[in-house]
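> How does the following fold in three dimensions:
(one chain, ligands or ions: 1)
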Amino acid sequence: MDTLVDYFSRVARYEWWIVIVELVLIGLVVYWVVDFLEGTRGERLFRGVIFILVAGVLVLNLVVERLPFDRLQFLYKGFLIAILIVAVAAFQPEIRRVLIQIGQPRIWTGSLHQLSRTVEALITAVTELSAARIGAIIVLERQVALGEFIETGVRLDARVTADLLKTIFYPGAALHDMAVVIRADRIIAARVQLPLAEAGAMDGIELGSRHRAALGITAGSDATCLVVSEETGAISVARNGRLVRNVTEAQIRSYLTSTMTATVPLVGRWLKRHG
Ligand SMILES: Nc1ncnc2c1ncn2[C@@H]1O[C@H](COP(=O)(O)OP(=O)(O)OP(=O)(O)O)[C@@H](O)[C@H]1O
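Residues are numbered from 1 along each chain as shown. This is a model prediction of the structure:
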C-alpha cells in the first residue's frame, strides 16, 4: 500500500499536462494496435503479451522492490528482452503488413472505367459461382507484391472477365484448384497455393483450407480475398486476416471499390466524387 501511495505522490509532482499528454498518447497507441489486430490471431497474442508485461511490472514494483530480490529483478530484465524477441517473431506477418503499408506509394495504372468494369466482373463471377456451388478463391493484390506465391501457380495475363473466372474455377478444369491472383484489371495467375492460417473455427464452424488460405494471405499482406464456399455457396471477404462471411452483393461492391480505389491516384478519386 505504501508503495502505491509513494508512486502516486511521485506522479503528483509531474506537470499535470505532461501526464495527460503521455496517457493520451499511450492510450492512442494501444487503441490503434488493438484495432489493427482486432479479430486476428495477433489480437490474442497482443493481449497475452500486455498481460505478462503489466503483471510482471506490478509484481516487481509493488513486491520485489521492497525486498532484496535483486536476482529476480535482473532475470526479469532478461525476460523482457526475450518477450520482445518472441513478439517480433510472432507478429511477423502483422509487422510486415504495417511496414509495407507505410513505405509504399499507391499505384493504379488503369482508368476509373476499367476499375468499375473489373469490380462488376468480379461480382458477377462470384455470385454466379455461388449460385452454382462452385468453390473459388480470388486474391486481389494491392501494394504488397505476391510474387513468391504467384510463382507456385500458372502465370496468366488476361483481362478480368466474369466468364474467364467462371471457366477457371469450373470443376475439373486444369486450373480450377487453388487460388486466382488479380492485379488491377488483370488475372495474373491461377492455381496459386497460398499460405494457410492456423486451423480454427468461426461462428462454431471449423474453417476448411480454402477459408484458411484466405486468412493466411490477407494476414501477411494488404490483399483482399474473395471466397466462394463449394459446400454452402456462401461468399466471404477476407481482409487484414479477418473473414466476413455471407456478404451481400452490395457489401462485395463496397469492399472491392474501397480496396481498389485506395490504389487510384487522388486526382482520379476527386474527379470521381465531383465529376
Ligand atoms: N493453400 C491453399 N491455397 C489456395 N487454395 C487452397 C489451399 N488449400 C486448399 N485450397 C483450395 O481449397 C479447396 C479445399 O477446400 P476445403 O473444402 O478444404 O475448404 P473449405 O474452406 O471448407 O471450403 P468449402 O466451403 O468450399 O468446402 C482445395 O480444393 C483448393 O482448391
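
> Could you report the neighbour count for the residue in the stretch 101-250 of the chain that the ligand sits nearest to?
Of all residues in the stretch 101-250 of the chain, Gly208 sits closest to the ligand, at 1.9 Å by C-beta to the nearest ligand atom. Yep, even glycine has a C-beta here, placed from its N, CA and C like the rest. By the other C-beta atoms under 10 Å criterion, the neighbourhood of Gly208 contains 14 residues.

> which ones are touching it?
Glu231 (C-beta atoms under 8 Å, 6 or more residues apart in numbering).

> Point out the residues in the stretch 101-250 of the chain that sit beside the ligand.
Residues of the stretch 101-250 of the chain lying close to the ligand by C-beta under 6 Å from any ligand atom are 135, 137, 177-179, 193-194, 196, 207-211, 213, 229-231.

> Sort out which of these are buried, if you could.
Taking 16 or more other C-beta atoms under 10 Å as the criterion, what is buried in these is 135, 137, 177-179, 194, 196, 207, 210-211, 213, 229-230.

> Redo those residues as a markdown table? Include secondary structure and pLDDT.
Output for these, formatted as a markdown table (DSSP: H, G, I helix; E, B strand; the rest coil; pLDDT from 0 to 100):
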| residue | secondary structure | pLDDT |
| --- | --- | --- |
| Gly135 | coil | 96 |
| Ile137 | strand | 97 |
| Asp177 | coil | 94 |
| Met178 | coil | 96 |
| Ala179 | strand | 97 |
| Leu194 | coil | 95 |
| Leu196 | coil | 91 |
| Leu207 | coil | 84 |
| Arg210 | helix | 95 |
| His211 | helix | 94 |
| Ala213 | helix | 95 |
| Ser229 | coil | 95 |
| Glu230 | coil | 95 |
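
> pLDDT weak spots in the protein?
1-5, 7-8, 11, 38-42, 64-65, 97, 100-111, 201-204, 261-275 (pLDDT under 70).

> Which residue would you name as the spatial centre of it?
The centroid of the chain falls nearest to Asn240 when counting by C-alpha atoms, centre = their mean (1.4 Å).

> Double-check that Ile52 belongs to a helix.
Yes - assessed with DSSP: H, G, I helix; E, B strand; the rest coil, Ile52 lies in a helix.

> ok, it - how many residues close by?
14.

> thought it was touching Ile83?
Yes - between Ile52 and Ile83 there is a contact under C-beta atoms under 8 Å: 6.5 Å.

> Find the residues that touch each one of the two.
In contact with both Ile52 and Ile83: no residue, using C-beta under 8 Å, 6+ apart.

> Please name the bridge partners of Ala136.
Ala136 forms beta bridges with Val228, as assigned by DSSP bridges.

> what number of residues lie near it?
23.

> pretty sure it contacts Leu165?
Yes - shown here, Ala136 and Leu165 form a contact pair, counting by C-beta under 8 Å, at 7.4 Å.

> Now the common contact residues for these two.
Shared contacts of Ala136 and Leu165, defined by C-beta under 8 Å, 6+ apart, comprise 125, 129, 180.

> Which of the residues in whatever helix or strand the second one lives in are classified as buried?
Okay, so that is Leu129. Here Leu129, judged by DSSP states H and E, is contained in helix 112-131. Of the residues in helix 112-131, 112, 114-119, 121-127, 129-130 count as buried by neighbour count, 16+ other C-beta under 10 Å.

> Which strands or helices does the strand or helix carrying Arg71 pack on?
When elements are assigned from DSSP H and E, Arg71 belongs to helix 70-90. With contacts taken as 3 or more C-beta pairs under 8 Å, 6 or more residues apart in numbering; DSSP states H and E, helix 70-90 sits against helix 41-62.

> Apply 10 Å and report the result again.
helix 41-62, helix 92-103 (3 or more C-beta pairs under 10 Å, 6 or more residues apart in numbering; DSSP states H and E).

> could you redo those as CSV and give each row distance to Arg71?
Shown next, in CSV, are the helices and strands packed on helix 70-90 (distance: least, C-beta to C-beta, whole Å):
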stretch, distance to Arg71
helix 41-62, 12
helix 92-103, 32
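
> which secondary structure element contains the closest residue to Arg245 other than its chain neighbours?
Excluding its sequence neighbours, the residue lying closest to Arg245 (C-beta to C-beta, 6 or more residues apart in numbering) is Ser236, at 4.7 Å. Using DSSP H and E, Ser236 sits in strand 235-239.
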